[in-house]
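Q: Kindly return the folded structure for what I paste below:
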Amino acid sequence: MPVYIFVQTDLMFNGVFSAVTQLSQRRQIGHLGYKSVTNACIVNRESIDTFDNAYHWARTTAVILRNFMIEACNLPLFPSNAQTTIPNQRTTRIDAAGEQISITSLVEEAERVRDSYDQLFPHYLLQDSANSANSAPGSFVRRAVIVVRDTTTDTWRLYDLHTTLRWQRMPNPSTEWKTVGTVTCVGGIVTKDANADAWKRLLLLIEDDDDASMKRADAIVEALVADLKKLDVNPNK
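A: From the prediction side, this is the model:
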């Protein structure tokens, strides 16, 4: 049962997101359940919300968000005890409803999900975002991952994993940060429909054979060339 992972930074993400959105709007995705992990304030190892600089804040925040994601997706990479997987976080809250979310029970697949998620929140991106936003209230970063699991010949399971990070760097003292992170994983099931346009697009995007990969590469190149032509730029120069 292969797993396909689409990160918001990938070229294919928008196509997959569009197809999934269309399937959802047509009520062709059944809701399975969700799990959300959030906190009142991201803190350091001493359980206080002060950091020497944006670098230390960003490093800590990236690790905490990853742990939140592992908990929200029930990945088999840490013990299930929230106090173990999400240490030193003030009033961490876990909400869940419906079927228990479980993207995978295999460690290798879980590591793929984790590594893909890490692409969204490298510490240097968070550091640059924090420095550019400075002390502006309500600064935030929002990122998403879509995971598709081929479960049977008739259905697929879809997992929408989205993260919202909000922070404010306090002016006095400047080492104090108010940071709230929320990671939510929503699970759905879709019945394969050979006649649905959205389904055809989703199928083309996630096919794993070499021919499909070449089609995807050709489509990307054609789109880039078309954009360059609009700008009156010769791509062969």
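Q: show me the contacts for Ile103.
A: Contacts for Ile103 (CB atoms under 8 Å, 6 or more residues apart in numbering) come out as 3, 73-75, 109-110, 113, 147, 149, 159, 185. (Each C-beta comes from the backbone N, C-alpha and C, glycine too.)
Q: Quickly find the element holding Leu204.
A: Using DSSP states H and E, Leu204 falls within helix 197-206.
Q: Domain parsing of this structure, as residue ranges.
A: Domains of the chain are assigned by automatic domain parsing as 3-199, 207-237.
Q: what's the most buried one of those domains?
A: The highest average neighbour count among the domains of the chain, using mean count of other CB atoms under 10 Å, belongs to domain 3-199 at a mean of 17.
Q: Quick one: mean pLDDT for it?
A: Averaging pLDDT along domain 3-199 yields 80.
Q: one step back: narrow the contacts of Ile103 to those in strands?
A: 3, 147, 149, 159, 185 (DSSP state E).
Q: now the helices: where do they sit in the chain?
A: 13-25, 54-73, 82-85, 107-118, 123-133, 197-206, 210-230 (DSSP state H).
Q: angle of the fifth one against helix 54-73?
A: Between the direction of helix 123-133 and that of helix 54-73, the angle (axes from the mean of the first three to the mean of the last three CA atoms, to 10 degrees) works out to 120 degrees.
Q: Can you name every helix or strand that helix 123-133 contacts?
A: helix 54-73, strand 139-150, strand 155-169 (3 or more CB pairs under 8 Å, 6 or more residues apart in numbering; DSSP states H and E).
Q: May I see the ones in strands among the contacts of Ile103 organised as TSV, with distance to Glu99 added?
A: Listed next are those as TSV, based on distance: CB to CB, whole Å:
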residue	distance to Glu99
Val3	18
Val147	15
Arg149	14
Tyr159	12
Cys185	12
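Q: can you tell me which residues contact the nearest residue to Trp167 once chain neighbours are set aside?
A: The shortest distance from Trp167 to any non-neighbouring residue, by CB to CB, 6 or more residues apart in numbering, is to Thr179 (4.2 Å). Taking CB under 8 Å, 6+ apart, we find Thr179 in contact with 41-42, 49, 57, 61, 165-168.
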